[in-house]
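Student: pasted the sequence and its predicted model underneath.
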Amino acid sequence: MVPHLITALSGPINELEQRILESMPAIERWFRLEWMEHTPPFYSSVDVRNAGFKLAPVDTSLFPRGWNHLTQDMLPLAVQAAMAAIEKICPEAKNLLVIPENHTRNTFYLSNIAQLQRIFHMAGLNVRVGSVDPDIKEPTRIDIPGGETLCLEPVVRSKYRLGLKDFDPCTILLNNDLSAGAPGILEDLHEQYLLPPLHAGWTVRRKSRHFQSYDEVAKRFGKMLGIDPWLINPMFNRCGELDHTSDEGLECLRTNVDALLGRIRKKYKEYGINEKPFVIVKADNAAEGAGIMTVRDVKDLDQPVPARRGRGKDASAPAAATGMREVIIQEGVLTNERMHEAVAEPVVYMMDRYVVGGFYRVHAERGVDENLNAPGASYVPLAFAESTRLPQPGQKPGASAPNRFYMYGVIGRLAMLAASYELEATDPEAEIYD
């Protein structure tokens, strides 16, 4: 099923699609050369927004938690990518331990863990799920959708290794974004591979650093392709700390929002875009979906705190209620894709350096300028499966779903490359050469 793109079959996105398809050999070579110099994150997912005049990533997760939304048709790609990733890191790997989020009885999330277990089992590994949740004191079986059960087992820590009572893994796969901090039990594991590394978690990671890296990637890619990088890059500003419960830090926020709205207006004028610019204000160090506020006018920020929080589309989200937070102000990118009249955005899933699939996040109760990663969202698999994932040269721009999905895969990989730059910059064990 392919969403309806409610824009005319001409305009910047279709010109971009044509340029990307014409340049496919150069693009693939460019990525190959980049991966010779940089290590891709072990796995990642990227939320992409297609405005019809602009196509850009708006969030990159290094602990993707929607693997259960990938279809059976996508699994062979994921298994092959998992084999390639494991072979590169630990070719003699036999046992893999998956560490999920803590305190979760969310069965849909646990379906995602079961899917990861399935993928790595088919890649040739013994896979078990170990919980660092202190409440899990014995093997615990949980029923998950589809009639399956998942067994969570308490982890056992020795001096330099982490495992289960009768299971010694050489590789540990984290599916826990560490937004509550890195538990000590995961530190100093010098004899095992921990993937992704601890500095990929939200204790260290900042969205502003990621989009700074993406800005660098987009400029270089834009130069190679001969396009304005703005067409694939959301502009952003960073503010210091903002207190959501008072007006502390509000002046900095107001100044930055006003400046960014001005820059967006200038770009809209340059491209003849007749849309009202908006920005997204969100926590700089929190998982996707947390505490997001859409601001269309700097006057929106002059309202009293409760009303202002209410304007945020996730007023109940943790970031809206916990006081001081560092915030990032990001150019808002409309989504002009619809599925059954509901607003939709593609999410691209990758393992190692390969696009393995994805899905559309669809929300019937949200607008084109709102965050869709919220309660009430539904998920529809992307038609990346089988040959439809491959581009079809010669098709009219904007008319071919495979070409559109190839383009989404390119944007997803650019964001993944930015994440690679970002992880290199924050690696506490990086070797520094003068």
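Tutor: Thanks, I have the structure now.
Student: give me phi/psi at Val348?
Tutor: Main-chain torsions, Val348, degrees, to the nearest 10: phi -100, psi 130.
Student: tell me the pLDDT at it?
Tutor: Reading off the confidence values, Val348 has pLDDT 92.
Student: do the same with Ala317
Tutor: 36.
Student: next one: Gly146
Tutor: Reported pLDDT for Gly146: 88.
Student: any idea which element it lies in?
Tutor: According to DSSP states H and E, Gly146 maps onto no helix or strand at all.
Student: you'd agree Pro196 is up against Thr39?
Tutor: No. Applying CB atoms under 8 Å, one finds Pro196 not in contact with Thr39, separated by 10.8 Å. Any C-beta I mention is one placed from the backbone N, CA and C, and that applies to glycine too.
Student: need the residues touching each of these two.
Tutor: Counting by CB atoms under 8 Å, 6 or more residues apart in numbering, the common neighbours of Pro196 and Thr39 are Leu423.
Student: who's more crowded, those two?
Tutor: Remark: of Pro196 and Thr39, Pro196 carries more neighbours, 21 against 14, as counted by other CB atoms under 10 Å.
Student: please name the residues that touch that one.
Tutor: Pro41, Phe42, Tyr43, Leu62, Phe63, Leu174, Leu423.
Student: could you dump the residues you listed into TSV with secondary structure and pLDDT added?
Tutor: Shown next, in TSV, are these (DSSP: H, G, I helix; E, B strand; the rest coil; pLDDT from 0 to 100):
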residue	secondary structure	pLDDT
Pro41	coil	96
Phe42	coil	96
Tyr43	strand	97
Leu62	coil	97
Phe63	coil	96
Leu174	strand	97
Leu423	helix	96
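Student: the residue positioned nearest the centre of the chain in helix, strand or coil?
Tutor: Of all residues in the chain, the one closest to the mean position by CA atoms, centre = their mean is Thr60, 2.6 Å from it. Secondary structure for Thr60, judged by DSSP: H, G, I helix; E, B strand; the rest coil, is strand.
Student: quick check: closest non-adjacent residue to it.
Tutor: Once flanking residues are discounted, Thr60 sits nearest to Ala415: 4.7 Å by CB to CB, 6 or more residues apart in numbering.
Student: ok, the residue nearest to the centre of the chain - contacts?
Tutor: Ser44, Ser45, Val46, Asp47, His210, Tyr214, Ala415, Met416, Ala418, Ala419.
Student: and for Lys223?
Tutor: Pro229.
Student: for it, give me phi and psi.
Tutor: Main-chain torsions, Lys223, degrees, to the nearest 10: phi -70, psi -40.
Student: how near is it to Ala26?
Tutor: 12 Å (CB to CB, to the nearest Å).
Student: repeat that for Asn274.
Tutor: Counting by CB to CB - Asn274 and Ala26 are separated by 33 Å.
Student: those two: which is more packed in?
Tutor: Ala26 (12 against 6).
Student: what pLDDT does the more buried one get?
Tutor: 94.
Student: which intervals of the stretch 151-300 of the chain have sub-threshold pLDDT?
Tutor: Residue ranges of the stretch 151-300 of the chain with pLDDT under 70: 243-247, 287-291.
Student: which residue ranges form the strands in it?
Tutor: With strands called from DSSP state E, counting those that start in this stretch, the stretch 151-300 of the chain shows them at 156-157, 162-163, 171-174, 193-195, 236-243, 279-283, 293-295.
Student: what strand or helix carries Asn14?
Tutor: With DSSP H and E as criterion, Asn14 is part of helix 12-22.
Student: and what of Ala56?
Tutor: Assigned by DSSP H and E, Ala56 falls in strand 55-61.
Student: figure out how far that strand is from the centre of its chain.
Tutor: Distance of strand 55-61 from its chain centroid, counting by CA atoms, centre = their mean, to the nearest Å, is 6 Å.
Student: could I get it in CSV with only the CA atoms?
Tutor: Taking Å, rounded to 0.1, in the frame of the first residue of the first chain, the C-alpha atoms of strand 55-61 are listed here in CSV:
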residue,chain,number,x,y,z
LEU,A,55,12.5,15.8,2.2
ALA,A,56,14.3,15.6,5.5
PRO,A,57,15.0,13.4,8.5
VAL,A,58,13.5,14.7,11.7
ASP,A,59,14.6,12.1,14.2
THR,A,60,17.3,9.3,14.3
SER,A,61,17.0,6.5,16.9
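Student: that strand versus strand 279-283: what angle between them?
Tutor: Interaxial angle of strand 55-61 relative to strand 279-283 (axes from the mean of the first three to the mean of the last three CA atoms, to 10 degrees): 10 degrees.
Student: list the buried residues in whichever strand or helix holds Glu28.
Tutor: Using DSSP H and E, Glu28 sits within helix 24-37. Buried residues in helix 24-37, counted by 16 or more other CB atoms under 10 Å: Ile27, Trp30, Phe31, Glu34, Trp35.
Student: same check on stretch 205-214?
Tutor: Buried-residue list, stretch 205-214, by 16+ other CB under 10 Å: Arg205, Arg206, Lys207, Ser208, Arg209, His210, Phe211, Gln212, Ser213, Tyr214.
Student: same question for stretch 139-149.
Tutor: Buried residues in stretch 139-149, counted by 16+ other CB under 10 Å: Thr140, Ile142, Ile144.
Student: and if you look at stretch 69-84?
Tutor: Buried-residue list, stretch 69-84, by 16+ other CB under 10 Å: His69, Leu70, Met74, Leu75, Leu77, Ala78, Val79, Gln80, Ala81, Ala82, Met83.
Student: again with stretch 159-175
Tutor: Leu162, Gly163, Leu164, Phe167, Pro169, Cys170, Thr171, Ile172, Leu173, Leu174, Asn175.
Student: now do stretch 250-258
Tutor: Buried residues in stretch 250-258 (16+ other CB under 10 Å): Leu250, Cys252, Leu253, Arg254, Asn256, Val257, Asp258.
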